[in-house]
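Sequence first, predicted coordinates after that:
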Amino acid sequence: MGVTAMASAFVASRQAFPSGWLTVWLAEAFVAVAIAAPAAATKARRANSSIFRGPGRKFVLSFAPPIIVGGLLTLVLFKLGVTAVLPGVWLLLYGTAIVTGGAFSVRAVPIMGLCLMGLGGAALFAPAAWGNLFMAGGFGLVQILFGIWIAIKYGG
């Protein structure tokens with residue numbers, strides 16, 4: 001997911017209009033789900049569990065509300081023409097989702113969420129032109145680095 005986010009940041013930075021920029025990032029969100037869902041299902045199956053039972057269910061129920069809020073805010077903010085704040089809002093809410101969902105995971109997961117929230121907070125106050133850099137840093141670099149850490153320390 002981190003690699004596709006880095007590529008999306010590059011493509012999004014080349015868009016001339018906010019609608020093109022938003023389309024790139026929404027497509028990336030669907031790609032990320034297409035990568036994450038089968039990976040989570042495989043991990044749950046290896047643990048003789050289900051995504052929708054036990055810790056997996058708690059993760060999904062904790063993760064979903066901030067993501068839904070992010071989707072709703074995206075619609076409203078885009079409609080109002082306030083797209084410059086979207087990178088900060090997305091990173092903050094995705095980070096919140098990771099922190100809350102990560103409460104049922106290994107220690108590194110909520111730490112990753114806090115890092116994403118920190119980037120999101122910084123993005124809200126940074127120049128709008130830096131939005132794609134924050135997105136590449138959060139959705140790309142942070143996820144890659146924590147993914148490596150989790151894979152090495154916890155086996156995936």
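Okay, I see it.

residues in contact with stretch 64-73?
89-90, 93-94, 96-97, 100 (C-beta atoms under 8 Å, 6 or more residues apart in numbering). For every residue, glycine as well, the C-beta is placed using N, CA and C.

Pull out the buried members of those.
Among these, those buried by neighbour count (16 or more other C-beta atoms under 10 Å) are 89-90, 93-94, 96-97, 100.

could these be laid out in TSV, adding secondary structure?
Shown next, in TSV, are those (DSSP: H, G, I helix; E, B strand; the rest coil):
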residue	secondary structure
Val89	helix
Trp90	helix
Leu93	helix
Tyr94	helix
Thr96	helix
Ala97	helix
Thr100	helix
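
Specify which member of those is nearest to Leu26.
Among the buried ones among the contacts of stretch 64-73, Trp90 lies closest to Leu26 (C-beta to C-beta), at 10.7 Å.

The closest one and Leu124 touch, don't they?
No - using C-beta atoms under 8 Å, Trp90 is not in contact with Leu124, being 10.8 Å away.

Flag the shaky bits of the protein, pLDDT-wise.
Scanning the chain for pLDDT under 70 picks out 156.

Thank you, goodbye.
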